[in-house]
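Enquirer: pasting the sequence and the predicted coordinates here, then a few questions.
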Amino acid sequence: MSFLQDPSFFAMGVWSIGAGALGAAALALLLANTDVFLSKSQEATLEYLEDVDLKTLEKEPRTFKAKELWEKNGAVIMAVRRPGCFLCREEAADLSSLKPQLDALGVPLYAVVKEQVGTEVEDFQPYFKGEIFLDAQKKFYGPQRRKLLFMGFMRLGVWCNFFRAWNGGFSGNLKGEGVILGGVFVVGSGKQGILLEHREKEFGDKVNPLSVLEAAKKVKPRSLASENQ
């Protein structure tokens, strides 16, 4: 048992534990930056989205089926992860920059939120130039709801997104639910179908505005869409 009295024995033990912990941390960081543990998405169908119940955010809210949003002229719809999130505000501003082109195409811009917390939707409105509705059942975040928890903060892409939004002058808060990931849809008129479906993979994984515009250009007037059914 004399080896127990040897200081080098304890030093080697401490070094081994430290090296093991460092290796485990490096492996966790590596895995966190792959898609291995990310929630898998499931594409929505037009029939699924058509049947979603939405509510207006007026004092006397009206409940209606989501298909009203795109039935006549199609629509671009943002499913907001959290209105107070500065990354969501950045994406909202990007989509709003397309408003003149969308108006020229006759395609409206909308957003849905999961909840109504204090003045969060009202505070989000300056970043988003479209009408906002409540999706209390979170159907636009499905059919397979995807969540990103603390592992998201270990992803290099998330931190790059943070710095991009910060450098863009965006700020926010931590109010409300923010782990269920959002997305963006471009839906054609009538039964034309879903022309673009972007699912947020990680915090700040925003849609490409040019892709949204290209998809919006494919929206047909309802009469033409009906003729091609």
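Expert: Thanks, I have it.
Enquirer: nearest the geometric middle of this structure, what residue?
Expert: Gly182 (2.7 Å; CA atoms, centre = their mean).
Enquirer: now for it: which residues touch it?
Expert: Residues near Gly182 by CB atoms under 8 Å, 6 or more residues apart in numbering: 78-81, 88, 141, 200. (Glycine included, C-beta is placed from N, CA and C.)
Enquirer: what's the separation between it and Glu91?
Expert: 9 Å (CB to CB, to the nearest Å).
Enquirer: which residues do these two both contact?
Expert: Joint contacts of Gly182 and Glu91 (CB under 8 Å, 6+ apart) are Met78.
Enquirer: all strands of this structure, in order?
Expert: Along the chain, counting by DSSP state E, strands occupy 53-55, 63-65, 75-79, 109-113, 131-134, 183-187, 194-199.
Enquirer: so how far is the fourth one from its chain's centroid?
Expert: When you say that, I think you mean strand 109-113. When distances are taken as CA atoms, centre = their mean, to the nearest Å, strand 109-113 is centred 12 Å away from the chain's centroid.
Enquirer: for the record, mean pLDDT for it?
Expert: The pLDDT scores in strand 109-113 average 98.
Enquirer: again with the third one
Expert: Taken as a whole, strand 75-79 has a mean pLDDT of 98.
Enquirer: make CSV out of the contacts of Gly182 and add distance to Lys65 and neighbour count.
Expert: Listed next are these as CSV, based on distance: CB to CB, whole Å; neighbours: other CB atoms under 10 Å:
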residue, distance to Lys65, neighbour count
Met78, 19, 28
Ala79, 16, 24
Val80, 20, 27
Arg81, 23, 24
Cys88, 25, 29
Tyr141, 17, 23
Glu200, 24, 23
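Enquirer: quick revisit: now do the same contact list for the closest residue to the residue nearest to the centre of the chain other than its chain neighbours.
Expert: Spatially, and ignoring its direct neighbours in sequence, Gly182 is nearest to Arg81 (3.8 Å; CB to CB, 6 or more residues apart in numbering). By CB under 8 Å, 6+ apart, the contact list for Arg81 reads 87-88, 178, 180-182, 200, 203.
Enquirer: may I see the strands of the chain arranged in JSON lines, with distance to Val121 as well?
Expert: Formatted as JSON lines, these follow (distance: least, CB to CB, whole Å):
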{"stretch": "strand 53-55", "distance to Val121": "12"}
{"stretch": "strand 63-65", "distance to Val121": "17"}
{"stretch": "strand 75-79", "distance to Val121": "13"}
{"stretch": "strand 109-113", "distance to Val121": "6"}
{"stretch": "strand 131-134", "distance to Val121": "6"}
{"stretch": "strand 183-187", "distance to Val121": "18"}
{"stretch": "strand 194-199", "distance to Val121": "21"}
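Enquirer: and the ones you listed: which comes nearest Leu210?
Expert: strand 194-199 (11.0 Å; CB to CB).
Enquirer: tell me what the closest one is packed against?
Expert: strand 183-187, helix 209-216 (3 or more CB pairs under 8 Å, 6 or more residues apart in numbering; DSSP states H and E).
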